[in-house]
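In: No sequence on hand, only this structure:
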């Protein structure tokens with residue numbers, strides 16, 4: 001086993017994607033079961049995401065889902081990838097994580113993002129607009145103030161105040177610089193956009209300021225990783241998500257994940273085919289040996305301390321097998 005890979009933490013973000021023939025509640029239950037399986041395999045943390053009004057995605061309330069995951073597991077760290085700060089009042093976010101950290105001490109992560117509503121309709125329903133994403137840095141400072149007791153409002157966030165819930169910044173746009181100035185861990189992706197990712201990491205390390213949360217830079221790189229018995233089988237695991245993304249680019253909505261065999265038999269338009277083929281490029285996939293070689297390369301290039309795997313596919317058994325193979329090549333132990 002590579003010493004570089006052995007020194008790296010491996011974690012998972014699951015988006016609670018729906019699958020053809022299966023509904024949203026089942027997708028959420030699948031997420032909880034997957035967390036239990038990954039805990040047994042020795043993964044470091046398990047995160048869930050926030051999406052509102054997005055067809056094909058069941059995960060709309062990440063702190064609620066994180067509570068279900070934490071209650072169903074014992075040791076794996078649980079968190080969000082992430083809570084989208086522009087969608088919420090910072091006091092409410094602090095209170096939610098304060099409750100989570102009180103119920104599951106030492107296991108909760110607070111991943112924070114800056115996206116706001118997927119469409120104009122969703123933003124209107126949330127009472128937000130595009131401009132709410134502009135002061136992400138200020139929103140992070142406001143949120144952390146509730147934990148530190150420095151909000152200056154005379155209001156105290158209970159039970160959050162005084163608790164240490166590790167915050168992580170999801171890098172979108174200026175996210176790397178924001179994480180650096182705040183002295184927080186950086187979550188950056190995706191692995192497919194290697195050059196852009198590496199520039200963001202360089203900016204983060206160059207501008208990092210130690211804080212009460214973090215003394216030295218911490219980098220978590222994210223992206224899809226698929227491992228199977230042969231390269232073709234690993235590639236098939238990526239097919240459902242590639243088609244879902246291609247469909248969204250051409251029709252404006254995400255469909256549930258379809259079986260790879262059905263996707264491969266579709267008569268796609270030229271535009272759909274272009275987006276679909278593009279969506280299959282740049283991921284880390286193949287046999288255990290192939291994936292180990294590519295992971296070692298990207299970890300060395302980035303200097304990352306952790307890899308956050310974000311793979312989605314129709315085949316649940318194939319996905320779990322991929323995570324099992326990845327755990328084996330990384331030498332994970334529960």
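Out: Structure received. Since the model is a prediction, treat every value here as computed from it, not as a measurement.
In: all contacts plus neighbour counts: C-alpha atoms, from now on.
Out: Will do.
In: per-residue confidence for residue 56?
Out: According to the prediction, residue 56 has pLDDT 82.
In: Please determine how far it is located from residue 27.
Out: Computed with Cα to Cα, to the nearest Å, the distance linking residue 56 and residue 27 is 10 Å.
In: Give the residues shared as contacts by these two.
Out: Common contacts of residue 56 and residue 27, defined by Cα atoms under 8 Å, 6 or more residues apart in numbering, comprise 17, 18, 19.
In: ranking those by neighbours, who comes first?
Out: Looking at the shared contacts of residue 56 and residue 27 with neighbours defined as other Cα atoms under 10 Å, the largest count falls to residue 18 at 27 neighbours.
In: Break down the stretch 151-300 of the chain into its strands, ranges please.
Out: Ranges of strands within the stretch 151-300 of the chain are 167-170, 186-188, 219-223, 225-227, 284-286, based on DSSP state E, counting those that start in this stretch.
In: Among the ones you listed, single out whichever gets nearest to residue 103.
Out: Evaluated over the strands of the stretch 151-300 of the chain, closeness to residue 103 peaks at strand 167-170, with 17.5 Å, by Cα to Cα.
In: Need the residues that contact that closest one.
Out: Outside strand 167-170, the residues within contact range by Cα under 8 Å, 6+ apart are 81-82, 109-114, 175-176, 178-179, 184-188, 213.
In: any chance of the strands of the stretch 151-300 of the chain in CSV, plus mean neighbour count and distance to residue 235?
Out: As requested, the strands of the stretch 151-300 of the chain are arranged in CSV below (neighbours: other Cα atoms under 10 Å; distance: least, Cα to Cα, whole Å):
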stretch, mean neighbour count, distance to residue 235
strand 167-170, 26, 27
strand 186-188, 27, 23
strand 219-223, 23, 14
strand 225-227, 28, 7
strand 284-286, 24, 6
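In: Can you lay out the ones you listed as a markdown table showing mean pLDDT and distance to residue 150?
Out: Listed next are the strands of the stretch 151-300 of the chain as a markdown table, based on pLDDT from 0 to 100; distance: least, Cα to Cα, whole Å:
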| stretch | mean pLDDT | distance to residue 150 |
| --- | --- | --- |
| strand 167-170 | 96 | 16 |
| strand 186-188 | 96 | 23 |
| strand 219-223 | 96 | 27 |
| strand 225-227 | 98 | 41 |
| strand 284-286 | 97 | 43 |
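In: returning to what we had before: so which of the contacts of strand 167-170 belong to helices?
Out: Residues of the contacts of strand 167-170 located in helices (DSSP state H): 175, 176, 178, 179.
In: Skipping its backbone neighbours, what lies nearest the third one in space?
Out: On the basis of Cα to Cα, 6 or more residues apart in numbering, the spatially nearest residue to residue 178 that is not a chain neighbour turns out to be residue 137, at 6.0 Å.
In: In which helix or strand does the one you found reside?
Out: Secondary structure here is read from DSSP states H and E; on that basis residue 137 sits in helix 136-148.
In: Any chance of the shared contacts of residue 56 and residue 27 in JSON lines with distance to residue 48 and secondary structure as columns?
Out: Listed next are the shared contacts of residue 56 and residue 27 as JSON lines, based on distance: Cα to Cα, whole Å; DSSP: H, G, I helix; E, B strand; the rest coil:
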{"residue": "17", "distance to residue 48": "11", "secondary structure": "strand"}
{"residue": "18", "distance to residue 48": "14", "secondary structure": "coil"}
{"residue": "19", "distance to residue 48": "17", "secondary structure": "strand"}
